[in-house]
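Q: A structural model of the following input is requested.
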Amino acid sequence: MEYKYSFEKLEVWSDARMFVVEIYKLTKTMPSDEKFGLCSQLQRATVSIVSNKAKGTTRTSDKEKIRFVEVAYGSLKEVYCQFCIAFDLAYISDIQLENQKNTIDLIAKKLSGLKNAYQKRLNS
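A: A predicted model of the protein is given here:
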């Protein structure tokens with residue numbers, strides 16, 4: 001695959017992009033009365049993860065890049081919180097929650113690694 005933009009080469013961006021697709025599929029199974037509630041929140045928060053990662057790569061300073069990683073990380077934790085609510089409301093099973101937690105943990109580790117790399121460069 002040919003990449004046009006630098007963020008497309010990032011594994012965390014690719015993982016977050018796949019996560020968006022997974023979330024859209026999952027929210028289709030939730031009650032229709034949640035379309036403008038929890039489903040919309042989950043969709044927007046997951047799109048925010050991948051979008052902020054892409055936006056951050058356009059910044060020139062590592063300090064700014066770190067800020068966008070932090071925003072993406074915050075959106076990721078928002079998604080986790082919303083999944084807990086979806087579980088509490090019996091919209092998803094414990095297995096689905098566990099699967100989502102695993103994906104969230106993977107993306108969180110990669111975002112943290114990227115932030116640490118930017119921080120290390122900033123402190124050099």
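Q: which residue is nearest the centroid of this structure?
A: residue 49 (3.6 Å; Cα atoms, centre = their mean).
Q: quick one: which helix or strand includes that one?
A: Counting by DSSP states H and E, the element that carries residue 49 is helix 38-56.
Q: Kindly spell out which helices and strands sit in contact with that helix.
A: helix 11-27, helix 62-88 (3 or more Cβ pairs under 8 Å, 6 or more residues apart in numbering; DSSP states H and E). (C-beta placed from N, C-alpha, C; glycine too.)
Q: before we move on, back to that, show me the contacts for the residue nearest to the centre of the chain.
A: 16, 19-20, 72, 75-76, 79, 107 (Cβ atoms under 8 Å, 6 or more residues apart in numbering).
Q: how about a cut-off of 7 Å?
A: The neighbourhood of residue 49, defined by Cβ atoms under 7 Å, 6 or more residues apart in numbering, consists of 16, 72, 75-76.
Q: Tell me who's in contact with the residue nearest to residue 79 when sequence neighbours are not counted.
A: Distances taken as Cβ to Cβ, 6 or more residues apart in numbering place residue 45 nearest to residue 79, at 4.7 Å, with adjacent residues excluded. The neighbours of residue 45, taking Cβ under 7 Å, 6+ apart as the test, are 75, 78-79, 82.
Q: Just the buried residues of the helix or strand hosting residue 113, please?
A: Element membership for residue 113, per DSSP H and E: helix 94-123. Buried positions in helix 94-123, judged by neighbour count with 16 or more other Cβ atoms under 10 Å: 97, 100, 103-104, 107-108, 110-111, 114-115, 118.
Q: Show the secondary-structure elements that it is packed against.
A: helix 11-27, helix 62-88 (3 or more Cβ pairs under 7 Å, 6 or more residues apart in numbering; DSSP states H and E).
Q: give me that answer again for 10 Å
A: helix 11-27, helix 38-56, helix 62-88 (3 or more Cβ pairs under 10 Å, 6 or more residues apart in numbering; DSSP states H and E).
Q: So for the closest residue to residue 89 other than its chain neighbours, what's the pLDDT?
A: Closest residue to residue 89 apart from its sequence neighbours, by Cβ to Cβ, 6+ apart: residue 38 at 7.7 Å. As predicted, residue 38 sits at a pLDDT of 96.
Q: Many thanks, I have nothing further to ask.
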